[in-house]
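1. the amino acid sequence is not available; the structure is as follows:
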């Protein structure tokens, strides 16, 4: 397993500012050119979104359930301090330890300290997005502790020295050939590429790790304030292994992953698997309350719950607070036309898709990451499927505003918009501009469309095309045909703009 | 919170949250948030309602790739296990050291294990033995009909790994322990146990372990058992049931 030993160390090397020196536009362009990636992303997201649609349609009143879930989430986050205090008290009452970590560094240091105290050499991990956020594997390895991911997808991603590219299918970008290659290098012999062989190899390899690891680290789907329970939702069973076999369990929890009561947990369990994979219930729903008790023969002797902020509180009390309602189901990723074309890695950090475009700039830094909010067509498909009704596309618009408020537009853009404002605010100037455009556009046209233009328009036209300004505007056409004198509607209306720009609807252009 | 013991950093961490929320929220105290309206009804059900639940449980479990079988006698268990053992040369089974095996009603079932031809060890055996077992045998605490789900609780003698490590899991589920919905389980969990403390682990098992992580190709049995067999124990009294059911009687979950 020396391969996985070095894996996360290198992966964490690409920390901080995304992929140094690249923008979302460059990463997206590269991803779009990778046709195999596009196929893989669409195959998996299609399966998930169709399964979700069926699962949701089978419910009596999905909309009422969604609304109830939204209210639970809004209420919980609005009283987060109260419920976190209750949770901490209940976890301690059940014999667990609680640590509040304001920063990634606090969380990492606490985990390292627990590991040192128990002389831990190997850690087995079940899926935790927050451990990706704080680059825990890197820090464990740097301190001489092996970290082994045990979710099959995470294991593949770890061997490939990558980050997960989807919330619940972390290795969806990997082909079976690539997976067979990774596994073969661990096995030291060539493995065939069929699923049963690859699966059997991973099972045997990881079974060995499960049985000898000293510490288990998990994420947390939901913590329940009234009982102090930690709920994990998995399909493979690795989450159960990690919380049953090692002596010590550490659960990392984003501070917003909490519900007040068992009833509320039930509502979330109704929504999460259906929204994620279309299952009525995931194979294993594990509800853990404190460490092993007297008379029990397995389970951890010590349980630590680490409650992590790491930038989440930036969203509290702002227009972006609703982003903390997210239950990480991935439904928004599966329907997003942008995510479906570029996959998760192009977003540059650990969270992709609409929810990633919202929370990454807020968790990290608006100046460096605000551009992610442009990775959306604002079609609203994300908002439509969100099981807790987060208005994702509204939040993206809010982020665009916020980002631009902090960053003055380039001078070219400013000049252009001044010019536009001047031209569009007077009917005479507008008509004159249209006449001018008809002359000027000729060298740039191809089949009646603008294909290129000098800067600064060139950038805009790389991914789009603009219909040519028509030979005759709607207004001119109307005037020529009509006997009626034009009465004083001098100001161009939006529809007359449209008539000028889209010849096919101007009628006269066709005749 | 009245509890004076605060976790490290708790005060500063929560004070920061409180300060951030101060401007936006209506009231500093959450008050009571209304729970979802639930269909009322006797839990668990008896008579025809119970038979419908059994049917639903079987259908749902089968749909997710599990095996369900209705049995009546301990002898049926021995026959089922023998068939399972012979079909794939399985020899070693591990069972929980569940108090139910030692109860008067449990003893004949324990005897049936001996009659299966399998070597059966308890969960207190060495971990290596446990890991080598072909079959894990448990008493399920509850079943949930709407999803075909088994519920296993931890407790003295109740191991987490018996239903996890072996490639085959066989669970005994008395028909009267089948609930209609998961929400009923949540209510039961919440209301039982000493001082409101839940068992250290409650696991809801819905079919065999699965993954789609290799090119979205559904695979069964990646870490947990690839086969889940639920033997539903139906009693003759099922049709003429008048008892209060396991919610209120002395046979309730042993935590």
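-> Happy to help now that I have it. Keep in mind it's a predicted model, so treat the numbers as computed, not measured.

2. could you use CA atoms for every contact and neighbour count after this?
-> OK.

3. surely residue A:40 touches residue A:172?
-> Yes: counting by CA atoms under 8 Å, residue A:40 does reach residue A:172; the two are 6.5 Å apart.

4. ok, the two, which is more surrounded?
-> Using other CA atoms under 10 Å in any protein chain shown as the criterion, residue A:40 and residue A:172 rank with residue A:172 on top: 27 against 21.

5. so what's the more buried one up against?
-> A:40-41, A:44, A:153, A:165-166, B:213-216 (CA atoms under 8 Å, 6 or more residues apart in numbering or on different chains).

6. among those, which lie within strands?
-> Taking DSSP state E, every one of the contacts of residue A:172 sits outside strands.

7. what residues are shared contacts of residue A:40 and residue A:172?
-> residue B:215.

8. among the contacts of residue A:172, which one sits closest to residue A:56?
-> residue A:44 (18.2 Å; CA to CA).

9. picking up where we left off before, quick one: the contacts of residue A:172 as CSV, columns for pLDDT and distance to residue B:15 too.
-> Formatted as CSV, the contacts of residue A:172 follow (pLDDT from 0 to 100; distance: CA to CA, whole Å):
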residue, pLDDT, distance to residue B:15
A:40, 92, 46
A:41, 94, 42
A:44, 93, 43
A:153, 95, 38
A:165, 93, 35
A:166, 94, 34
B:213, 89, 42
B:214, 90, 45
B:215, 88, 46
B:216, 85, 45
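
10. among those, name the ones in helices.
-> Using DSSP state H, the subset of those located in helices is A:40-41, A:44, A:153.

11. of those, list those near chain B.
-> A:40, A:44, A:153 (CA under 8 Å from any CA of the partner chain).

12. list just the nearest of those residues to chain B.
-> Distance to chain B across those (CA to the nearest CA) is lowest for residue A:153, with 5.2 Å.

13. show me the strands in the chain, by range?
-> Using chain A here. Under DSSP E, chain A gives strands at A:97-101, A:122-125, A:146-149, A:215-218, A:222-224, A:229-234, A:248-254, A:258-259, A:284-288, A:302-308, A:445-446, A:449-450, A:466-467.

14. actually, chain B is the one I wanted.
-> Using DSSP E, strands in chain B cover B:67-71, B:92-95, B:119-122, B:135-139, B:142-144, B:149-153, B:168-174, B:178-179, B:201-205, B:210-211, B:219-220, B:227-233.

15. let's have these in CSV, adding mean pLDDT.
-> Formatted as CSV, the strands of chain B follow (pLDDT from 0 to 100):
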stretch, mean pLDDT
strand B:67-71, 97
strand B:92-95, 96
strand B:119-122, 94
strand B:135-139, 97
strand B:142-144, 97
strand B:149-153, 97
strand B:168-174, 97
strand B:178-179, 96
strand B:201-205, 98
strand B:210-211, 93
strand B:219-220, 92
strand B:227-233, 97
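
16. what's opposite residue A:253 in the beta bridge?
-> Residues in a beta bridge with residue A:253, per DSSP bridges, are residue A:307.

17. surely it touches residue A:312?
-> No: using CA under 8 Å, residue A:253 is not in contact with residue A:312; the gap is 11.7 Å.

18. the more surrounded of these two?
-> Neighbour count, other CA under 10 Å: between residue A:253 and residue A:312, residue A:253 has more, with 26 against 21.

19. so who does the more buried one touch?
-> A:130, A:219-220, A:305-308.

20. can you rerun that using 7 Å?
-> Contact partners of residue A:253, counting by CA atoms under 7 Å, 6 or more residues apart in numbering or on different chains, are A:219-220, A:306-308.

21. tell me the one among those residues nearest to residue B:199.
-> The closest of the contacts of residue A:253 to residue B:199 turns out to be residue A:220 (CA to CA; 18.0 Å).

22. would you confirm that that closest one contacts residue A:233?
-> No: checked against CA atoms under 7 Å, the pair residue A:220 and residue A:233 is beyond contact range at 8.5 Å.

23. tell me how chain A divides into domains.
-> Domain assignment for chain A by automatic domain parsing gives A:2-24+A:76-314, A:411-506.

24. in contact with the closest residue to chain A within the stretch 1-150 of chain B: list those residues for me.
-> Closest contact between the stretch 1-150 of chain B and chain A, by CA to the nearest CA, is at residue B:21 (4.8 Å). Residues in contact with residue B:21 (CA under 7 Å, 6+ apart) are A:78, A:316-317.

25. most neighbours among those, which one is it?
-> Among these, the one with the most neighbours (other CA under 10 Å) is residue A:78, at 26 neighbours.

26. could you measure from that residue over to chain B?
-> Residue A:78 is 6 Å from chain B, where distance means CA to the nearest CA, to the nearest Å.

27. how about the helices in the stretch 201-350 of chain A?
-> Using DSSP state H, counting those that start in this stretch, the helices of the stretch 201-350 of chain A run over residues A:238-244, A:262-276, A:331-335, A:337-342.

28. buried stuff in stretch B:66-86?
-> By 16 or more other CA atoms under 10 Å in any protein chain shown, the buried positions in stretch B:66-86 come out as B:66-68, B:70-71, B:74-82, B:84-85.

29. what is the longest helix seen in chain B packed up against?
-> When chain B is parsed with DSSP H, its longest helix is helix B:47-63. Helices and strands touching helix B:47-63, by 3 or more CA pairs under 7 Å, 6 or more residues apart in numbering or on different chains; DSSP states H and E, are strand B:67-71.

30. contacts only, for the spatially most central residue of chain B.
-> Centroid-nearest residue in chain B: residue B:151, 1.6 Å away (criterion: CA atoms, centre = their mean). Shown in contact with residue B:151 (CA under 7 Å, 6+ apart): B:140-143, B:202-205.

31. residue A:46 too?
-> Contacts of residue A:46 (CA under 7 Å, 6+ apart): residue A:334.

32. give me the neighbour count for residue A:421.
-> Using other CA under 10 Å, residue A:421 is surrounded by 11 other residues.

33. what of the one 3 residues further on?
-> A total of 18 residues lie near residue A:424 under the criterion other CA under 10 Å.

34. ok, now the one 5 residues further on?
-> Under the neighbour criterion other CA under 10 Å, residue A:429 is assigned a count of 13.

35. surely it meets residue A:421?
-> No: Residue A:429 is beyond contact range of residue A:421, at 10.5 Å (criterion: CA under 7 Å).

36. contacts for stretch A:215-222?
-> In contact with stretch A:215-222 (CA under 7 Å, 6+ apart) are residues A:120, A:122-128, A:230-233, A:242-243, A:246-253, A:257-259.

37. same question but for stretch A:398-418, I mixed them up
-> Applying CA under 7 Å, 6+ apart, the set of residues contacting stretch A:398-418 from outside is A:366-367, A:370, A:373, A:456.

38. just the buried ones from those residues?
-> The neighbour count (16+ other CA under 10 Å) marks A:366, A:370, A:373 as buried among the contacts of stretch A:398-418.
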